[in-house]
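K.L.:
Structure, please.
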Amino acid sequence: MAYNLFVQLISKELKAGGLNSITSFVVMDVIFTVTRIINKAKKGKLNADSWYAMMIFFICTVNDDGIMVPSPVELFVVCVDILQTLCLAVLEGCPNELSHHLHTVVTSLVPFTKSSHTKHGQQVSIRKRKKI
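P.N.:
Numbering: from 1, shown residues only. A predicted model of the protein is given here:
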């Protein structure tokens, strides 16, 4: 949830017109970090060594061996929320920045629209209704 808080805080600045010379970098970094986590979760490559998933988002479950591992479904939900927060802020304050990275967001989310997992489909359908 720490990363979610970070994105909420910078969203205020992005809505006000950006972060001066680092706007492009911040938008790119958040989008690439979140989509990388989504893609790793989709491929089943999240494990106990996925430090960014556990330390940034603090979303873990304990497996049968008592080892903490990231929960892919909950991770997906948080990632989509982060992307929504960021995209809405960027659209309001500096829409040109989003155009450079929108293809990355769409490419990462499209496979989940046909996902067999209920939470994935629900999360993406909620975003469709909110028109993002």
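
K.L.:
For the helix or strand harbouring residue 98, which outside residues touch it?
P.N.:
Using DSSP states H and E, residue 98 falls within helix 95-99. Helix 95-99 is contacted from outside by 18, 23, 24, 27, 87, 90, 91, using C-beta atoms under 8 Å, 6 or more residues apart in numbering. All C-beta atoms are positioned from the backbone trio N, CA, C, and that covers glycine.

K.L.:
helix or strand right after it?
P.N.:
Immediately after helix 95-99, counting by DSSP H and E, sits helix 102-113.

K.L.:
Which strands and helices lie in contact with that following helix?
P.N.:
With contacts taken as 3 or more C-beta pairs under 8 Å, 6 or more residues apart in numbering; DSSP states H and E, helix 102-113 sits against helix 23-42, helix 72-93, helix 118-129.

K.L.:
make it 6 Å
P.N.:
helix 23-42, helix 118-129 (3 or more C-beta pairs under 6 Å, 6 or more residues apart in numbering; DSSP states H and E).

K.L.:
For those, which has the smallest mean pLDDT value?
P.N.:
Lowest mean pLDDT of the helices and strands packed on helix 102-113: helix 118-129, a mean of 52.

K.L.:
how about stretch 92-101: buried residues?
P.N.:
Using 16 or more other C-beta atoms under 10 Å as the test for burial, stretch 92-101 gives 93, 94, 97, 98, 101.

K.L.:
okay, the spatially closest residue to the second one that is not a sequence neighbour: pLDDT?
P.N.:
When you say that, I think you mean residue 94. Nearest non-adjacent residue to residue 94, counting by C-beta to C-beta, 6 or more residues apart in numbering: residue 18, 4.4 Å away. Residue-level confidence at residue 18 comes out at 78, pLDDT.

K.L.:
Tell me how far residue 18 lies from residue 76.
P.N.:
28 Å (C-beta to C-beta, to the nearest Å).

K.L.:
For these two, work out which one has more neighbours and name it.
P.N.:
Using other C-beta atoms under 10 Å as the criterion, residue 18 and residue 76 rank with residue 76 on top: 23 against 20.
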